[in-house]
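Enquirer: Just the structure for this:
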Amino acid sequence: MSDAVLSARTALVTGASSGIGWETARLLAGHGATVLVHARTTAEAEAAVERLVAAGARRSQLVELAADFTKLSEVAVLAGTVVEHYPSLDLLVNNAAATAPERCTLTDDGNEVSLQVNFLAAHLLSKLLRAPLSAAGDARIVNVSSSLHRTASMNWSDPHRVKKYSRVAAYAQSQLALTMATADMAPAGSGVTAVSVNPGLCDTALLPLYGRVGAPAAEGAAAVVRLCLPETVVANGAYFDGEVIAPPAPVTQEERSLKRLAKLADQLVGRVA
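Expert: Now for the predicted structure:
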């Protein structure tokens, strides 16, 4: 039963076909939001929506959207569709994520695949959706990060890690970049607030990367959705471990590194931004 606290709000959840993303869409719909359900393909988005309806969501509050984040051109088309049909966007949940493969794999855009899917797509979306997010007045961006970001370092000279590749290091770097860039996704005066959250170790497709037992995806989604609720007061750039605000990696506070990352990200998505 909906408590309707988000009944007048529209949310885009990326990577909503399974795991934390799907559970986040389910919970947001339960709060009454119109949910734009993103998946890699149209078939996956339609299947996710069908499961959401079976779980109790109203079909009228769900919209399926498809874009393969290994192609930045599709990210741009997705953003264009949202801008065209939703001039006001209240919530952007950057949840889509991919594990880094065993071998270094570059997308057709020339970027290491986990860096592109986990960070560059979110960076690009936040820029291309700035107008509808600002129009909402008090919009929020919630970036689903990982505690592994604390173990990472940015390889500035070789961000795609072509010369010395480790799948764990590549994945952790993508989560560090996402966490570092969070505050910049909501610049002063935009009317947007951006936060990042480690939802905890959950039983999702990413679990094999950690090699441990995970909690139900719904538990991680609850931590994400809490940050979407107007009753939860948040500060721009804040990082949460579950429901508790926590210190992120120290580099996320280094102004020089933040500027360097913003420049790098703009360069890597520049052809479609």
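Enquirer: after the helix or strand where residue 173 lies comes which helix or strand?
Expert: For residue 173, the enclosing helix or strand under DSSP states H and E is helix 167-181. Using DSSP H and E, the helix or strand that follows helix 167-181 in sequence is strand 192-198.
Enquirer: Quick check: nearest residue in space to residue 32, chain neighbours excluded?
Expert: residue 7 (3.4 Å; CB to CB, 6 or more residues apart in numbering). C-beta here means a position set from N, CA and C on the backbone, and glycine is covered the same way.
Enquirer: what about the one you found, neighbour count?
Expert: Using other CB atoms under 10 Å, residue 7 has 12 other residues around it.
Enquirer: residue furthest from the geometric center of the protein?
Expert: Distance from the C-alpha centroid of the chain, by CA atoms, centre = their mean, peaks at residue 163 (27.6 Å).
Enquirer: Okay, buried residues for the helix holding residue 173 please.
Expert: Neighbour counts over helix 167-181 (16 or more other CB atoms under 10 Å) mark 167, 169-181 as buried.
Enquirer: Among the residues you listed, which one lies nearest to residue 197?
Expert: residue 179 (9.5 Å; CB to CB).
Enquirer: Now do the same contact list for that closest one.
Expert: Residue 179 makes contact with 143, 145, 149, 196, 239, 248-249, 252, according to CB atoms under 8 Å, 6 or more residues apart in numbering.
Enquirer: Could you do residue 6 as well?
Expert: Contacts of residue 6 (CB under 8 Å, 6+ apart): 28, 31-33, 90-91, 228-229.
Enquirer: now swap in residue 111 and tell me
Expert: 120, 160, 268.
Enquirer: Most neighbours among those, which one is it?
Expert: Neighbour counts for those peak at residue 120, which has 26 neighbours (criterion: other CB under 10 Å).
Enquirer: distance of that one from residue 107?
Expert: As judged by CB to CB, to the nearest Å, residue 120 and residue 107 stand 9 Å apart.
Enquirer: what touches both of the two?
Expert: By CB under 8 Å, 6+ apart, residue 120 and residue 107 have these common neighbours: residue 72.
Enquirer: Quick check: residue 58 touching residue 29?
Expert: Yes - proximity of residue 58 to residue 29 meets the contact threshold set by CB atoms under 8 Å, at 7.3 Å.
Enquirer: Which residue of these two possesses the greater neighbour count?
Expert: For residue 58 versus residue 29, neighbours defined as other CB under 10 Å are more numerous around residue 29 (25 against 12).
Enquirer: which residues are in contact with the helix or strand in which that one is found?
Expert: Assessed by DSSP H and E, residue 29 sits inside helix 19-30. For helix 19-30, contacts defined as CB under 8 Å, 6+ apart pick out 1-3, 6, 11, 13-16, 35, 37-38, 48, 51-52, 55-58, 61-62, 91, 93, 95-96, 144, 199, 202, 204-206, 217-218, 220-222, 224-225, 228.
Enquirer: Quick one: the strands in the stretch 1-150 of the chain, in order.
Expert: Shown for the stretch 1-150 of the chain, the strands assigned by DSSP state E, counting those that start in this stretch span residues 10-13, 34-39, 62-66, 91-94, 139-144.
Enquirer: tally of neighbours for the residue lying closest to residue 150 once chain neighbours are set aside?
Expert: With CB to CB, 6+ apart as the criterion, residue 150 has its nearest non-adjacent residue at 4.7 Å, and that residue is residue 249. Neighbour count of residue 249, defined by other CB under 10 Å: 19.
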